[in-house]
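[1] Pasting the sequence and the predicted coordinates here, then a few questions.
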Amino acid sequence: MRVLVTGAAGSLGRVVTVGLADRGHDVVGLDLVPAPEGTTSTWHEADCTDADAVAAVFAEERLDAVVHLAGVPEEASLPEELTSHVITTAALLDAMVTHRVQRLVYASSNHAVGRTPRAAGELTEHALPRPDTYYGVGKVAAEALLRLFVDRHGIDAVACRIGSFLEEPTTLRALSTWLSHDDGVRMVEAALTAPAPGFAVLYGISANTRAWWDLEPGRRLGYEPLDDAEQFADRIVARPEDEAEAEFVGGPYATPAFHRPALGD
Ligand SMILES: NC(=O)c1ccc[n+]([C@@H]2O[C@H](COP(=O)([O-])OP(=O)(O)OC[C@H]3O[C@@H](n4cnc5c(N)ncnc54)[C@H](O)[C@@H]3O)[C@@H](O)[C@H]2O)c1
């Protein structure tokens, strides 16, 4: 499969591009910044918010699928979040329709449902949108845009609500939310290759003993995580903020420290 990976120079992007190439896929990287040293795949330096730049990449490459990882992975103002997550997704979707590219795998986030109280129990893929930040609002809106394009144009789009993509978990919360590097690649490959998913949501975490997200939606798409954060549990040092972070699914993002004006800087 020839796959465009956006945000290919980022923390997820670097791991995913190498992982997909190792599994026999032909990877085309795209990022705002030049290719990291040692990159062997084709590379485009482009801004996904620029529809013309995105269209030029699609005109040049013959693509089977897109893995959209480009975007600012933290809280900012509402306009910045909408630009970074919704406008970039829109530019890619328009180009996919024009060039008949069927599949998009999207790096959504647990923060799309982050304001859900942990007391609500395990979250399924049917959890209603409940963002904890403008970042989470951006992810919810991007998922809605995917759904619209699936319904209108019959493309396939898998929104992966990723937890904490880290080499290893370093906080109590991450024992629940951790997504290992290897499982991250397994997740993306399953989302790329599952037969005709239409619009689907999965939770992007490893098979963590303390998980509070349902792994079944991912398993139905062929994502079988193999790692478990529990192996690191005895290295985690408790912190005073752990209790406040345990109240909502989104952890620190759901605490008052993140309250700010929607249009502020
Ligand atoms: N890392 C996590 O634990 C995590 C959890 C949930 C969701 N996500 C999502 O996964 C995606 C990747 O996250 P990450 O941690 O790798 O972030 P990162 O900041 O390490 O990488 C993002 C990459 O995207 C590029 N980029 C940003 N805006 C761009 C644009 N407009 N056009 C082209 N390239 C652009 C950046 O240059 C960077 O290389 C993000 O959408 C993030 O919201 C990450």
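    Thanks, I have the structure now.

[2] near the ligand, which residues of the stretch 151-265 of the chain show up?
    Within the stretch 151-265 of the chain, the positions lying close to the ligand (Cβ under 6 Å from any ligand atom) are I162, S164, F165. (C-beta placed from N, C-alpha, C; glycine too.)

[3] can you redo those as JSON lines with neighbour count?
    JSON lines is the format used below for those (neighbours: other Cβ atoms under 10 Å):
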{"residue": "I162", "neighbour count": "24"}
{"residue": "S164", "neighbour count": "20"}
{"residue": "F165", "neighbour count": "24"}
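
[4] low-scoring pLDDT stretches of this structure, where are they?
    Along the chain, segments meeting pLDDT under 70 span 265.

[5] remind me, longest helix of it?
    The residue-count maximum for a helix in the chain (DSSP state H) belongs to helix 134-153.

[6] could you say what helices and strands whichever helix or strand comes after it packs with?
    Using DSSP states H and E, the helix or strand that follows helix 134-153 in sequence is strand 156-162. On a contact count with 3 or more Cβ pairs under 8 Å, 6 or more residues apart in numbering; DSSP states H and E, strand 156-162 meets strand 103-109, helix 134-153, helix 181-193, strand 199-204.

[7] which of those is buried the deepest?
    Most buried of the helices and strands packed on strand 156-162 by mean neighbour count (mean count of other Cβ atoms under 10 Å) is strand 103-109; its value is a mean of 26.

[8] Distance from the chain centre to that strand, please.
    Chain-centre distance of strand 103-109: 5 Å, with Cα atoms, centre = their mean, to the nearest Å.
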